[in-house]
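In: here is my input, please return the structure:
(2 chains)
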Amino acid sequence: MNNTDPILSIKQLRQRLYDPARGDEFVVTVDQPIELCNGDFAALLGPSGCGKTTLLTVLGLLRKPSNIESNEEFLFNVSTEEGLNQIDIKEAWLKGRNSLIDNARRSHIGFALQSGELLQSLSVAENIAVPLKLNKYSPTAIKSRVDELIDSFGLVRSKVNDSSSAISNENENDSHASDDSHYSLANAKVNKLSGGEYQRVVLARAIAHSPDLIFVDEPTAALNRELARQALNNLKQLQNEERCAVLMITHDEELASEFSNIIIRMEPVRGKPAGHIREIRHLDDQTARQTS
Amino acid sequence: MTNHIRYYLFLAVADLMRLWRTTQNHVIIVAGICLPLFLLLGIKTGFIDEMSKELRESPTGRQITFWPIQDDVVVTETNLADFKNEIPGIDLVIPDIQRLVSIKSLKSENIQPLEVTLYPTTADDPVQKALGLKTITGNGQIILSKTVKDHLQVNPGDEVQITVTRKDGTVSESHQINEMKVIDFYDSGDSNSNVGYTSIEFIDGIEGYIQGFAYEDFELPALARPYKPDYEGYVLFSRGILPNVDLTTIKQLGFDVQPIQELQESDSLLLLKKFVEQLWQDGDQSQWTAYLLAVSSNKSGKVTYAPNKIKDSLTSADIHISPWVPPVLVESEHGVNCLISLDLQRNAFARKSFTTPGLSFRGTETNLSVFRISGVVEQSSVYELDLADIGVLFLAPVEHDNISERVYEEKQIPLASDNTKTVFIEELGDNIEEIEFFVVQHDLLGGIRDARKGLCALDKVLNTFTAVRPDIRYNRLRLYCDTIDEVPIVAASLVESGFAILSEKDRIDEIQGTNKSLGLLVLVVGCGVLGFGIFTVISVLTDSTDRKRGTIGILRVMGVSKSGVFFIVVVRAALIGIIAGALSIIIGYLIAASIANHVTVSFLPIHIGIVLGGAFICAGGGSLFPAYKASNLDPFEAILEGKAG
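Out: Numbering: from 1, shown residues only, chains lettered A, B, ... in the order given. Predicted coordinates:
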């Protein structure tokens, strides 16, 4: 195992999902191998109802695949304190090693979900610190990392414009707290955040514990494209620094081509309550950079 | 794991305190359940307190006066302490006895002595405490009523003289006690109340004195009354052999009868046999037979027939009967001797057969202080001893069984001196033939025997054995229970143990009955409220949990375990319970204070515990199902549904 091994590698998977609304099952099939390596930014595209989110729950270890026995390969190659470590997810599910799955999800995966709630009882900094706390970082390390992320994601506000509207600050996401005219949102309550700030906190929390794999679900669902782009820019920048793989679910072709080097397209199976992967296309890194 | 628990605790507290607007509704609901319960408990206790106020404030409320009504039930100074331990709930037992004494002031000879009734008390006597009096801490202290104080013109700190009087037959004697100090006085409200209080020990000492015993603490002497020991049978001298009819009669009277020549069992019997042999050493043994009439073992152990009564019952004419007390071996400067007793009148026919018919078996003095002891073998040997000399003598065991089985009692009688030594016949071996006998009075032998049993002791002043003061028996006592609540239980125990009682039991029973009924009411209402509360909390928290599905979902997504979610929900609810309980208590106290003029509300520490515990159970217990439900939510579904919700 070396650094070039994919972080996520999965071959052949069928996920059945009972849909209580429709009263029948929906089947998602991974019939092409998916591999995500360090630095990859994959976009999962497809029309609504083709099973993108279902696939995300499987890849994100939120649900056990319904027929894991038929799966050919489901591997995580993650970095640990001892070095690179391979986790055979298929075997873990088969043997019912739920604690290993929980640990893998807690330590090596970050989630920025479409409806990724921030905890209302916690401040911005405390929300970002949640995965760090759960992964038993030291208080000093937590503070340092949280400050770094607040800075990186531009979670600051202008003192002058603060009283007018939070939205006005959303274009200032690149500004830094060190400026005397701005103040940090570290101690701000999450219900006082604007949409863009909220989304950036969600992304900051997803990457806080330096996971190997980050899932981003519909970043434009609650924001306009421009604000989403700014948030993703922050993420992309940190990804380049920290080296991890990102899988983003989106409907937005333009956003996908702008940030991704891998496009995974899903489509519904005609006449059946099912979805599958139509194509996986690796874009040239250069092309992606130019588009950006 | 510990880190996680601490963090989960933090999340629970943060959710509780920072989202107070949501939490406050839950707190209000639980407090609304606990507050009526708290007030109900306080009102109930207040009502009972009012009912029992008088009994609780007065010592008589928890007092029981009792006295034995069965012959086998005895309370003495020895078992008084045990008595308290045997029946739980008793705080203090004080004998309810009284002694009439004469008290004289030492201030002036012109003040007439006054007859005062003294009662016993102790340092913890609730009556004294209720009166605010100084406590009796020693034997020489006394508390007087105001009437006595005024008459004697004494003040606290003054000493008075007490005169005690006793009678023995027609003879009356008095003694004075000078060291009694007046430590306090009290106003009984009765101008004729010539009473005082002193220590139980002093009253017991006076009681013993009146019965004829010494009270050494105050140098009160014993009555000059010699100790009268019991005999253990008789020695019977008969001309010839007793006919069977007489032997049968003697047995019917309760004696085991055996010719002395046939005795062979124990030291004392062998000594008696040897003694009688010596008496007849050169005399006419064929005409007389000596018998030992020992009290039959199946009788009470006491001689119940006088010698004349036995004599009259028998057909034989020539009979002499002497009381029998087992002899003792002694060792003195004269060698090993035997003290033995025999009582034969000088004109007894049996003496004619003795080697020395004129022997004195009684001594020359009637006063027990001096004994004349005659050597039997050498009739000219006459010793004059007083009891103090007995102290240097060595005593053989007087209680014996068969020689091979006997158990020797090493205890020496109190008058034994440093050079004590026990001598047994078997130690003498063949020298038994050389034992000299000293005939002494029965009472001396019986005294030595009973002194070893602790029944009498040598009175050095009177130079005689006097009876040891038996335990004072109390015919009437008063006790104080820990609280009035114990009175019915203690009273029932006393009645069961054979005592008659006098107490406020009926009133206390009525109060306890009311308390029990109200307690049952509170219990029923409390259980109903608590049950209703748990259902309410389940409902409220289930709804609250549903609203937090998104939060729970993201926690699960980020790696919080199922048990972690369960813990957070339950801890949050338990904290709500504690806050609500505390709120109920504070509001309860405020309400109680505001209605204090109309209703007595009395809270006990246990009420606070009940309310806090109830709130904790109500909220914590009510959260179990919602917590279980929350911990089993599918993380992703929870986020999606929570967002939709």
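In: where does chain A dip in pLDDT?
Out: Of all residues in chain A, those with pLDDT under 70 make up the ranges A:1-4, A:19-23, A:115-116, A:159-181, A:221-223, A:284-292.
In: spell out which parts of it neighbour chain B.
Out: Contact residues (Cβ under 8 Å from any Cβ of the partner chain) of chain A with chain B: A:53, A:57, A:60, A:62-63, A:102-103, A:105-107, A:111, A:113, A:115-122, A:126, A:130-131, A:133-136. For every residue, glycine as well, the C-beta is placed using N, CA and C.
In: out of the residues you listed, which are inside strands?
Out: Within those, membership in strands is found for residue A:111, as judged by DSSP state E.
In: list only buried entries from the residues of chain A next to chain B.
Out: Neighbour-count burial (16 or more other Cβ atoms under 10 Å in any protein chain shown) is assigned, among these, to A:53, A:57, A:60, A:62-63, A:102-103, A:105-107, A:111, A:113, A:115-122, A:126, A:130-131, A:133-135.
In: which residues touch residue 107?
Out: Since no chain was named, I'll use chain A. Neighbour list for residue A:107: A:78, A:135, A:209, A:211, B:559 [criterion: Cβ atoms under 8 Å, 6 or more residues apart in numbering or on different chains].
In: could you do chain B instead?
Out: Listed by Cβ under 8 Å, 6+ apart, the contact set of residue B:107 reads B:152, B:153, B:154, B:158.
In: run a quick neighbour tally on the last one.
Out: The one in question is residue B:158. The number of residues packed around residue B:158, counting by other Cβ atoms under 10 Å in any protein chain shown, is 17.
In: I'd say it and residue B:183 touch.
Out: No. Counting by Cβ atoms under 8 Å, residue B:158 sits too far from residue B:183 to count as a contact (9.8 Å).
In: just say helix, strand or coil for residue B:258.
Out: The three-state assignment at residue B:258 reads strand, by DSSP: H, G, I helix; E, B strand; the rest coil.
In: partner residues bridging it?
Out: Listed by DSSP bridges, the beta-bridge partners for residue B:258 are residue B:292.
In: was I right about residue B:27 contacting residue B:575?
Out: No. If you go by Cβ under 8 Å, residue B:27 and residue B:575 don't touch, sitting 9.5 Å apart.
In: quick one, helices of chain A?
Out: A:52-59, A:89-94, A:98-108, A:124-134, A:139-152, A:195-207, A:225-242, A:253-259, A:285-291 (DSSP state H).
In: leaving out sequence neighbours, find the closest residue to the residue of the stretch 101-250 of chain A at minimum distance from chain B.
Out: Relative to chain B, the nearest point of the stretch 101-250 of chain A is residue A:106 (2.6 Å; Cβ to the nearest Cβ). Using Cβ to Cβ, 6 or more residues apart in numbering or on different chains and skipping the chain neighbours, the partner closest in space to residue A:106 is residue B:559 (2.6 Å).
In: now the one you found: how far from residue B:448?
Out: Counting by Cβ to Cβ, to the nearest Å, the separation of residue B:559 from residue B:448 is 95 Å.
In: before we move on, the earlier item: between residue B:27 and residue B:575, what contacts are shared?
Out: Any residue near both residue B:27 and residue B:575 by Cβ under 8 Å, 6+ apart counts here, and not one turns up.
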